[in-house]
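A.B. asks: Predicted coordinates and the sequence they were generated for:
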Number of protein chains: 2
Amino acid sequence: MKLQVAIDRVSLAEAVTLASQLNGKVDIIEMGTSLIKDYGNEAIVKLRAALPDSQLLSDIKTIDEGEYEFNQGFKNGADILTVMGASSLDTIRLCEKVSKEYQKTMMIDLLEVGETKIEKLQEFKSAIFCLHHSIDKSDSWNVVETVSEFHAKFPEIQRLAIAGGIDLSQAEALKKQGLMEIIIVGSSITKAVDSIREAKKFMEVIA
Amino acid sequence: MKLQVAIDRVSLAEAVTLASQLNGKVDIIEMGTSLIKDYGNEAIVKLRAALPDSQLLSDIKTIDEGEYEFNQGFKNGADILTVMGASSLDTIRLCEKVSKEYQKTMMIDLLEVGETKIEKLQEFKSAIFCLHHSIDKSDSWNVVETVSEFHAKFPEIQRLAIAGGIDLSQAEALKKQGLMEIIIVGSSITKAVDSIREAKKFMEVIA
């Protein structure tokens, strides 16, 4: 299981500093959507330069213009880019095509995507599917149960990630469950007094 | 009926030049999603400065983090911001809240949104609803018929915009139909040999 640390809603300078500190210590650094919408491609370029040893995911949340956005993201240095599962299949197919050209990875974000649509998304065999609890929703969720139910319904989807308020105990439970390829952790690490120490705790728990 | 001209997939310098030329000659300039994802908030600031006489719509396509993204967009100078209708109602409610605080406008993009969801979206009385044909879809659509069917199904939605390959004859037909508040035109104007002359033609047709 891999740890992806999401950096979001900070200045680009702060993001670069934090990414440099976490480089090589976690598997994947995510530059959150706020960084792409606040700073554009410059954020991808600067974070790429700060991350010689970790992968870079840019959470661009493409929902249209799949070819253009994926080309921009990979060209500027991202290893993984996100497309919304709510997009049309045509859009996601274009994202898949560009990902294959660059030999990079597409992550499909399942935020607000119903089961009928997820069935159709199963054509994207090489994609990572991200179960995603909206930051704007105030309700709680049981992550392990959510994953278990998802896996029972869609056993053919092999590559799974999960995002949305994952803490250390949930990370440990997900590791035991053994269905996740990536867990995505944000403020539990980035807002900690000592982010590096907190990241290490997560890495130990999922090792 | 208003004309919104969408500038997309060009350099920021080119976008600013074109926006300056169209300022005051069209109602609304849209900075396309590519400009926000390529350049970030700098694009909003620079286009705002170039547009003393036209409104600025930033097509940020929010799908999560509604409060943060709408605050950033309005703070940097946009008059209208877009949120995806595919977002959770919680997200759109946050976008609406921020729009009201700034006394600015929210546009809900109906790309890939089904009728069940549109029924729920009717709670957003002051929003402009944008019928949107994906740039990634190769099929054609009859815009006037699409609008007519939409209006018959959702007569309570008063503020309507439409985007997706609108040409001069479609603009004229939409004007006659009388249901649109805004028509959004992209490459028919921005890729024309003389964009200003082309924009004037559209303005005359919808006057």
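C.D. replies: Nice, I can see it.

A.B. asks: The top strand by length along chain A packs against which elements?
C.D. replies: The longest strand of chain A (DSSP state E) is strand A:55-62. On a contact count with 3 or more Cβ pairs under 8 Å, 6 or more residues apart in numbering or on different chains; DSSP states H and E, strand A:55-62 meets strand A:28-31, helix A:33-39, helix A:41-50, helix A:66-75, strand A:80-84. Every C-beta, even on glycine, is put in place using the N, C-alpha and C of the backbone.

A.B. asks: wait, does the first one make contact with chain B?
C.D. replies: No. Under the criterion of Cβ under 8 Å from any Cβ of the partner chain, strand A:28-31 makes no contact with chain B; the nearest approach is 11.7 Å.

A.B. asks: Partner strands of that strand and their direction?
C.D. replies: Each strand paired with strand A:28-31, and its direction, by DSSP bridges: strand A:2-7 (parallel), strand A:55-62 (parallel).

A.B. asks: which one of the ones you listed has the most crowded surroundings?
C.D. replies: Per-stretch averages of neighbours, counted by mean count of other Cβ atoms under 10 Å in any protein chain shown, single out strand A:55-62 among these, with a mean of 26.

A.B. asks: next one: that one to chain centre, how far?
C.D. replies: 7 Å (Cα atoms, centre = their mean, to the nearest Å).

A.B. asks: can you list the weak-confidence ranges in chain A?
C.D. replies: Scanning chain A for pLDDT under 70 picks out A:134-135, A:138-139.

A.B. asks: hmm, the lengthiest helix in it touching chain B?
C.D. replies: Taking DSSP state H as the criterion, chain A has its longest helix at helix A:89-102. Yes. Applying Cβ under 8 Å from any Cβ, one finds helix A:89-102 touching chain B at A:90, A:91, A:94.

A.B. asks: Pull out the buried positions in that helix.
C.D. replies: For helix A:89-102, the neighbour count (16 or more other Cβ atoms under 10 Å in any protein chain shown) marks A:89, A:90, A:91, A:92, A:93, A:94, A:95, A:96, A:98, A:99 as buried.

A.B. asks: Now distance to residue A:201 too, for those, in CSV please.
C.D. replies: Converted to CSV, the buried residues of helix A:89-102 look like this (distance: Cβ to Cβ, whole Å):
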residue, distance to residue A:201
A:89, 40
A:90, 42
A:91, 38
A:92, 35
A:93, 40
A:94, 39
A:95, 34
A:96, 35
A:98, 36
A:99, 32
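
A.B. asks: Tell me how far the residue lying closest to residue A:73 once chain neighbours are set aside lies from residue B:146.
C.D. replies: Closest residue to residue A:73 apart from its sequence neighbours, by Cβ to Cβ, 6 or more residues apart in numbering or on different chains: residue A:81 at 4.4 Å. Distance, residue A:81 to residue B:146, by Cβ to Cβ, to the nearest Å: 31 Å.

A.B. asks: Looking at those two now, which is surrounded by more residues?
C.D. replies: Between residue A:81 and residue B:146, counted using other Cβ atoms under 10 Å in any protein chain shown, residue A:81 has the larger neighbour count: 28 against 14.

A.B. asks: What's opposite that one in the beta bridge?
C.D. replies: Counting by DSSP bridges, residue A:81 is bridged to residue A:58, residue A:106.

A.B. asks: Please report how far it lies from chain B.
C.D. replies: Note on residue A:81: its distance to chain B, by Cβ to the nearest Cβ, to the nearest Å, is 11 Å.

A.B. asks: So which bits of chain A are right by chain B?
C.D. replies: For chain A, the residues in contact with chain B (Cβ under 8 Å from any Cβ) are A:8-9, A:33-34, A:36-43, A:60-61, A:63-69, A:72, A:84, A:86-88, A:90-91, A:94, A:111-112, A:134-138.

A.B. asks: which of these are buried?
C.D. replies: A:8-9, A:33-34, A:36-43, A:60-61, A:63-69, A:72, A:84, A:86-88, A:90-91, A:94, A:111-112, A:134-137.

A.B. asks: Not counting stretch A:13-23 itself, show me its contacts.
C.D. replies: Residues outside stretch A:13-23 that contact it (Cβ atoms under 8 Å, 6 or more residues apart in numbering or on different chains): A:5, A:7, A:10, A:29, A:31, A:35, A:43, A:46-47, A:50-54, A:190, A:195-196, A:199.

A.B. asks: can you do 10 Å?
C.D. replies: Contact with stretch A:13-23 is made by A:3, A:5, A:7-11, A:26, A:28-32, A:34-35, A:38-39, A:43, A:46-54, A:56, A:189-190, A:195-196, A:199, as judged by Cβ atoms under 10 Å, 6 or more residues apart in numbering or on different chains.

A.B. asks: what does stretch A:143-155 give?
C.D. replies: A:110, A:115, A:118-119, A:121-122, A:129, A:131, A:133, A:142, A:157-158, A:160, A:162-167, A:170-171, A:173-174, A:176-180, A:183.

A.B. asks: one more time with 8 Å
C.D. replies: Taking Cβ under 8 Å, 6+ apart as the rule, stretch A:143-155 contacts A:115, A:118-119, A:122, A:131, A:157, A:160, A:162, A:164, A:166, A:170, A:173-174, A:177, A:179-180.

A.B. asks: For those, which entry has the maximal number of neighbours?
C.D. replies: residue A:162 (27 neighbours).

A.B. asks: measure it to residue A:142 for me?
C.D. replies: Distance from residue A:162 to residue A:142, counting by Cβ to Cβ: 12 Å.

A.B. asks: Repeat that for residue A:16.
C.D. replies: 35 Å.

A.B. asks: Counting neighbours, go ahead and name the busier of the two.
C.D. replies: Per other Cβ under 10 Å, whichever of residue A:16 and residue A:142 has more neighbours is residue A:16, with 20 against 11.

A.B. asks: Make sure I have this right: that one is in a helix.
C.D. replies: Yes. Under DSSP: H, G, I helix; E, B strand; the rest coil, residue A:16 falls within a helix.

A.B. asks: ok, so what distance separates it from chain B?
C.D. replies: Relative to chain B, residue A:16 is positioned 15 Å away (Cβ to the nearest Cβ).

A.B. asks: Just want to check the distance between that residue and residue A:187.
C.D. replies: In terms of Cβ to Cβ, residue A:16 sits 18 Å off from residue A:187.

A.B. asks: tell me which element residue A:129 falls in.
C.D. replies: For residue A:129, the element it lies in under DSSP states H and E is strand A:128-132.

A.B. asks: just checking, what packs against that strand?
C.D. replies: In this structure, strand A:128-132 packs against strand A:105-109, helix A:143-153, strand A:160-163, strand A:182-185, with contacts taken as 3+ Cβ pairs under 8 Å, 6+ apart.
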